[in-house]
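Student: got a predicted model here, sequence first, then my questions.
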Amino acid sequence: MKLLRVLAVIVVTTTAASAGLEFGADASYFNPRLTARTYPSLATTQTTAFAGPLFTGYAHLTFGIPQTLLIGFGPSLGYAAQSTSDPAPGETKDEMTIARFGLDAKVQLEVLQVIMPYVRLTIGKDTISFKDTGTTGSGTYIASSTAGGIFYNALVGFQIPFAADFALYFQGGFTASPGSALVTRSYAVNGVNQPVSSPGASDTSYAGYLLSAGARLSF
């Protein structure tokens, strides 16, 4: 009898729970406001508004209760290349790229099969690259620098299934990188390299909003 009870529990548990894989990719409108030190002195900071796309992909190991709840977690990758909409005084062009690698987690309600709301959180490491051009004195400068630290996303969204293994999703929320140190890679005035001492302070940061649309496959 005890053996029959154990077998019954195993059957019920494996029937009620499910596990699988999920892969997704999305494109976002990303509008970070970046705070960083300004050239040539690097003595002051300025907040600059950027805007453009952010492309993200993820892979999740999923488990849950069919038609009730789905939990997924796994790695995510992201990339954005943007230019500023309001360059600082003396700047003529300000470009930024952000590469991201993080751990992504999602909790999704699946009670309603036509639309499935979820909460999604991501935390990871980003690498930021800048290229600034502008004027200083009677010359023009080109500066290349990098930064990078911890970033996070906090998103809410919903998924619309079109087949058992395919769905579209839409989401929005907040993203930020609290602070990292600026490192100057090169600084040239009229084509001549100039010495620059990068500050050690972790005062390069950004924060903004994401509005995304994407697709996922599940197995």
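Tutor: On my side now, so go ahead.

Student: which residues in this protein form helices?
Tutor: For the chain, the helices defined by DSSP state H occupy 2-16.

Student: ok, residue 186 - contacts?
Tutor: Counting by Cβ atoms under 8 Å, 6 or more residues apart in numbering, residue 186 makes contact with 142, 143, 144, 193. In this view, the C-beta of every residue, glycine as well, is placed from N, C-alpha and C.

Student: my read: the third one touches residue 185, true?
Tutor: Yes: counting by Cβ atoms under 8 Å, residue 185 is a contact partner of residue 144 at 4.4 Å.

Student: and the contacts of residue 186 as TSV, adding neighbour count?
Tutor: Listed next are the contacts of residue 186 as TSV, based on neighbours: other Cβ atoms under 10 Å:
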residue	neighbour count
142	17
143	24
144	15
193	10
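
Student: show me where this protein dips below the pLDDT cut-off.
Tutor: 1-17, 40-41, 85-91, 198-200 (pLDDT under 70).

Student: change it to 90
Tutor: Scanning the chain for pLDDT under 90 picks out the ranges 1-19, 33-51, 66-67, 82-95, 112-113, 130-146, 148, 164, 178-204, 219.

Student: all strands of it, in order?
Tutor: Ranges of strands in the chain, per DSSP state E, are 18-30, 33-37, 45-65, 69-84, 91-109, 116-136, 139-147, 150-163, 166-180, 183-189, 192-193, 204-218.

Student: tell me what the first one is packed against?
Tutor: Taking 3 or more Cβ pairs under 8 Å, 6 or more residues apart in numbering; DSSP states H and E as the contact definition, the neighbouring helices and strands of strand 18-30 are strand 45-65, strand 69-84, strand 166-180, strand 204-218.
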